[in-house]
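*Asks:* Mind folding the following:
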Amino acid sequence: MTTEKPSVSEGATTEQPNLAEQATESMLGPNPFIGLRLEDIVASFEAIGRQAVQNPKLVVEQEAALIRDLISVMAGQSELAPPKGDKRFVDPAWQTSPLYRMVLQGYVAWTNALQGFVDRTELDDRTKERARFAVSLVTDALAPTNTLLGNPVALKKTWDTRGQNLVDGLKNLIDDVKNNGGLPSQVDKKAFTVGQNLALSPGMVVFRNPVLELIQYSPATDTVYERPHLIVPPEINKFYVFDLSPGKSMVEYMTKHGVQIFAVSWRNPTAEHKDWGMDAYVAALLEAMEAVRDITGSSDLIIHAACSGAMTAAALAGHLAAKGDTSIHSMTMMVAVLGQAKEGTMALFATDETAAAAKLKSGTAGVLDGIEMNRIFAWLRPNDLVWNYWVNNYLMGNAPPVFDILYWSNDSTRLPGAFHGELIDIFADNLLVKPGAMKVLGTPIDLSKVICDKMFIAGTTDHITPWKDVYDSARSFGGKNEFILSNSGHIQSLINPPGNPKSQFFLNPKLVPSPDDWLKQATPTKGSWWELWRTWASERSGSMRAAPKALGNKRHKPMDKAPGTYVLEP
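*Replies:* From the prediction side, this is the model:
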């Protein structure tokens, strides 16, 4: 008697789609700061339930439509298909196997019925959008691909390995329950060590205060531009996203082109630092700036900042502008939303109540824990950040991906309670973009008074700092401002080295009032924005001079080798 492989998996591939690529394109960065509460999701379902009770006719109509669709599916006459680009159903078995095609179309039918009911309710637009998100959490969780029998790729691997994939998957599950809070691991953390295969650019810590370390990077050319550059990273992520790995490092790229690079490495705060607020971070940056200027002999410098670090840099620039201080020559602001976001899932759940609850929680604990934020980020896009890894780690029995960006994203830090509360207020009340609404170190902030040249970077598929909100933030500043829109997500907008044939960005020198009008008038440009950024920055970096033979100076002696000590603190 012979045994045959299950025919439903003929033509199946043995691997899932590129998990790292999907996660990167869907990655959620260091904002939001309010979070997502279970009670808000429950409230959305309660709103749906009330609509069902108040409008039974609509329920009957949707049920009838579902029954018609299911009958068509059973008869083999249905044309239902998942949305284009849904990578859960790329395996050929979903089309070649009548059984799997029926399962797929049945899943699409009841998913459409649920979302169709929400769409036809009388809920207001904001509540309706929340309800759509809540329903999607359920439909995504119950997708057939999340089960062994409902996933032809996993089923074929089970046959081929005689079940070894399930044994390996169980080991992965046990490890994640013990070490990852019960969520599937997104990355193999054992594959990376900061300072060994990440953050490799040579340099030295030349200044340290309780809030930050300042790293000066070794020049890679015989001559350098005289005006130094200072990188200000986000506070809730570690700085080495700017020095990720060879070929993906902004530090490496810029030093190879003669730019003097310094970088801030924020300390990972604990509850004892709960009182650190915006004033503490700006004051620490002022000390770092003074050290940079003292070491290089330059009267001013160029700042490059991202995400929450860009918010801090904006507050710093506003403070200096109020004092008439011109020590910031120009700035790059990357994926930076400085006011209330109008788009994105998190904007739907940002209310006065949720903001107050978030501030109370971090104020009581002393810090906002980055691990908690990572869990929230995962459930905001569960197909990309939860269920992909559920299938890969547990059904396929594969190890989590080895991917440097994902390691950095999971190497999260904390925010002091005071700073977290201030960031919430900045978003909720648009404090940074309203002239005089916020004071930093005693000076009122008016970004229209920040008139140095600036370049703003945003990503078309950025879900956490939506590009239209970045655009609106750019228009809050005075001076000459340029806006670049990259065809990528939150992190890929930053990690965008030359050489990727898929890279493209949009340019339009006129910052017209409407971001949609800006895009209509923009010119698509092939390649990485890094090259344009380097040219823009070099033109503002002054004359060339001999590269320094040693790092630091008599007042700021080198201490520890890059990447320093703060980045290694747990």
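
*Asks:* Where does pLDDT dip in the stretch 301-450 of the chain?
*Replies:* Scanning the stretch 301-450 of the chain with the threshold set as pLDDT under 70 gives 340-350.

*Asks:* in it, which spans are helices?
*Replies:* Assigned by DSSP state H, counting those that start in this stretch, the helices in the stretch 301-450 of the chain fall at 307-322, 345-348, 352-365, 370-380, 382, 388-390, 404-410, 417-429.

*Asks:* which other helices and strands contact the next helix or strand after the fourth one?
*Replies:* The C-terminal neighbour of helix 370-380 among helices and strands, as given by DSSP states H and E, is helix 382. Where contact means 3 or more C-beta pairs under 8 Å, 6 or more residues apart in numbering; DSSP states H and E, helix 382 is packed against helix 125-141. All C-beta atoms are positioned from the backbone trio N, CA, C, and that covers glycine.

*Asks:* Okay, buried residues for the helix it packs on please.
*Replies:* Buried residues in helix 125-141, counted by 16 or more other C-beta atoms under 10 Å: 127-137, 139-140.

*Asks:* How about stretch 275-287?
*Replies:* Buried residues in stretch 275-287, counted by 16+ other C-beta under 10 Å: 276-286.

*Asks:* can the helices of the stretch 301-450 of the chain go into CSV with extra columns for mean neighbour count and distance to Val53?
*Replies:* Shown next, in CSV, are those (neighbours: other C-beta atoms under 10 Å; distance: least, C-beta to C-beta, whole Å):
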stretch, mean neighbour count, distance to Val53
helix 307-322, 26, 43
helix 345-348, 20, 23
helix 352-365, 16, 25
helix 370-380, 19, 28
helix 382, 16, 28
helix 388-390, 24, 34
helix 404-410, 22, 42
helix 417-429, 23, 33
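
*Asks:* quick one: which of those is nearest Thr332?
*Replies:* Between Thr332 and the helices of the stretch 301-450 of the chain, the shortest gap by C-beta to C-beta is with helix 307-322, which sits at 8.8 Å.

*Asks:* Could you check the angle that closest one makes with helix 417-429?
*Replies:* 80 degrees (axes from the mean of the first three to the mean of the last three C-alpha atoms, to 10 degrees).

*Asks:* chain center to helix 307-322, what's the gap?
*Replies:* Put simply, helix 307-322 sits 21 Å off its chain's centre (C-alpha atoms, centre = their mean, to the nearest Å).

*Asks:* hang on, the earlier thing: for the helices of the stretch 301-450 of the chain, give me JSON lines that also has distance to Pro98.
*Replies:* Formatted as JSON lines, those follow (distance: least, C-beta to C-beta, whole Å):
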{"stretch": "helix 307-322", "distance to Pro98": "49"}
{"stretch": "helix 345-348", "distance to Pro98": "37"}
{"stretch": "helix 352-365", "distance to Pro98": "47"}
{"stretch": "helix 370-380", "distance to Pro98": "35"}
{"stretch": "helix 382", "distance to Pro98": "29"}
{"stretch": "helix 388-390", "distance to Pro98": "27"}
{"stretch": "helix 404-410", "distance to Pro98": "38"}
{"stretch": "helix 417-429", "distance to Pro98": "51"}
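
*Asks:* What about the residue nearest to Phe117 when sequence neighbours are not counted, how many residues nearby?
*Replies:* Leaving out its chain neighbours, the residue that sits closest to Phe117 by C-beta to C-beta, 6 or more residues apart in numbering is Gln62, at 4.6 Å. Other residues lying near Gln62 total 20 when counted by other C-beta atoms under 10 Å.

*Asks:* Check Pro56 too.
*Replies:* Counted with other C-beta under 10 Å, Pro56 comes out at 9.

*Asks:* Check Asp453 too.
*Replies:* So Asp453, with other C-beta under 10 Å, has 17 neighbours.

*Asks:* What distance do you get for it to Ser541?
*Replies:* 12 Å (C-beta to C-beta, to the nearest Å).

*Asks:* Same check on Thr255?
*Replies:* The value you get for Thr255 to Ser541, if C-beta to C-beta is used, is 12 Å.

*Asks:* Name all residues that make contact with Glu272.
*Replies:* Gly366 (C-beta atoms under 8 Å, 6 or more residues apart in numbering).

*Asks:* let's go with 10 Å and repeat that
*Replies:* 366-367, 416 (C-beta atoms under 10 Å, 6 or more residues apart in numbering).

*Asks:* between these, which is closest to Ile426?
*Replies:* For these, the nearest to Ile426 is Pro416 (14.7 Å; C-beta to C-beta).

*Asks:* so how far is Pro400 from that closest one?
*Replies:* 31 Å.

*Asks:* Also Ala562?
*Replies:* Applying C-beta to C-beta to Ala562 and Pro400 gives a distance of 28 Å.

*Asks:* before we move on, what about Ser308?
*Replies:* From Ser308 to Pro400 the distance is 27 Å (C-beta to C-beta).

*Asks:* Gln196: how many residues sit nearby?
*Replies:* 8.

*Asks:* Can you tell me the SS state at it?
*Replies:* coil (DSSP: H, G, I helix; E, B strand; the rest coil).

*Asks:* Report pLDDT for it.
*Replies:* Gln196 is assigned a predicted lDDT (pLDDT) of 96.

*Asks:* which residues touch Pro513?
*Replies:* Pro513 touches 471-472, 475, counting by C-beta under 10 Å, 6+ apart.

*Asks:* related to what we said a few turns ago, which residues are in contact with both of Thr255 and Ser541?
*Replies:* Common neighbours of Thr255 and Ser541, counting by C-beta under 10 Å, 6+ apart, are 224, 229.

*Asks:* what distance separates the helix with the most length in the chain from the centre of its chain?
*Replies:* Counting by DSSP state H, the longest helix found in the chain is helix 98-120. The chain centre lies 31 Å from the centre of helix 98-120; the measure is C-alpha atoms, centre = their mean.

*Asks:* so where's this protein shaky on pLDDT?
*Replies:* Those would be 1-35, 340-350, if you go by pLDDT under 70 across the chain.

*Asks:* go with 50
*Replies:* For the chain, applying pLDDT under 50 flags the ranges 1-17, 23-32.

*Asks:* which SS state does the nearest residue to Pro548 once chain neighbours are set aside fall under?
*Replies:* The shortest distance from Pro548 to any non-neighbouring residue, by C-beta to C-beta, 6+ apart, is to Pro219 (6.6 Å). Put simply, Pro219 is coil when judged by three-state DSSP.

*Asks:* show me what contacts Pro219?
*Replies:* Pro219 touches 202-203, 255-256, 258-261, 546-549, 551, counting by C-beta under 10 Å, 6+ apart.

*Asks:* Swap in 8 Å and give it another go.
*Replies:* 255, 258, 260, 547-548.

*Asks:* Appreciated, that's everything.
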